[in-house]
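Student: give me the fold of what follows.
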Amino acid sequence: MPARLPVASKASFRTEGDTLLLAGVIDRAAVVALWPQLTRALAPVRRLDLAAVEGIDSAGLALLGELAARLRAQAGGDVSGSPAGLAELCAAYRLSPSLDFNASSAGS
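Tutor: Residues are numbered from 1 along each chain as shown. Below you'll find the model as predicted:
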């Protein structure tokens, strides 16, 4: 009998006050599905909570980076939580823990 691969949790989000809470696996499919809804939900948001995110790929990182940049433009941008794979992707793409481009390490 072939091994069964785990089914990825469907990505979702909700807002609580000024916080956008993301959950599930933020991958390419999730980005395509969530992006239109997320852009409309950003107006009252100042923080990203990633505590319930189970995994992320490079497309998910791009989404989170864009969300963080838009929140910084609104005088926010605080990011909490560290899903599996986030630190490695941030290092590979030279992003800080706040998902901002880390120019000081770009030349290394």
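Student: for the lengthiest helix in the chain, which positions count as buried?
Tutor: Ordering each helix of the chain by length in residues (DSSP state H) puts helix 58-73 first. By neighbour count with 16 or more other Cβ atoms under 10 Å, helix 58-73 contains the buried residues Gly60, Leu61, Ala62, Leu63, Leu64, Gly65, Leu67, Ala68, Leu71. Backbone N, C-alpha and C define where each C-beta goes, glycine included.
Student: all strands of the protein, in order?
Tutor: Secondary structure of the chain (DSSP state E): strands at 12-16, 19-26, 47-56, 78-80.
Student: residues in contact with the first one?
Tutor: Identification of contacts with strand 12-16 by Cβ atoms under 8 Å, 6 or more residues apart in numbering yields Leu20, Leu21, Leu22, Ala23, Gly24, Leu34, Gln37, Leu38, Ala41, Pro44, Val45.
Student: now the angle from that strand to helix 58-73?
Tutor: Strand 12-16 and helix 58-73 meet at an angle of 20 degrees, taking axes from the mean of the first three to the mean of the last three Cα atoms, to 10 degrees as the criterion.
Student: what residues of strand 12-16 count as buried?
Tutor: For strand 12-16, a neighbour-count test (16+ other Cβ under 10 Å) marks Phe13 as buried.
Student: could you give the angle of it to strand 47-56?
Tutor: For strand 12-16 against strand 47-56, the angle by the same axes, to 10 degrees is 160 degrees.
Student: neighbouring strands for strand 12-16, and are they parallel or not?
Tutor: Partner strands for strand 12-16, per DSSP bridges, with pairing direction: strand 19-26 (antiparallel).
Student: with the third one instead?
Tutor: When pairing is defined by DSSP bridges, strand 47-56 lines up against strand 19-26 (parallel), strand 78-80 (parallel).
Student: now Gly76, nearest residue through space, not along the chain?
Tutor: In space, and not counting its chain neighbours, Gly76 is closest to Arg46: 2.9 Å by Cβ to Cβ, 6 or more residues apart in numbering.
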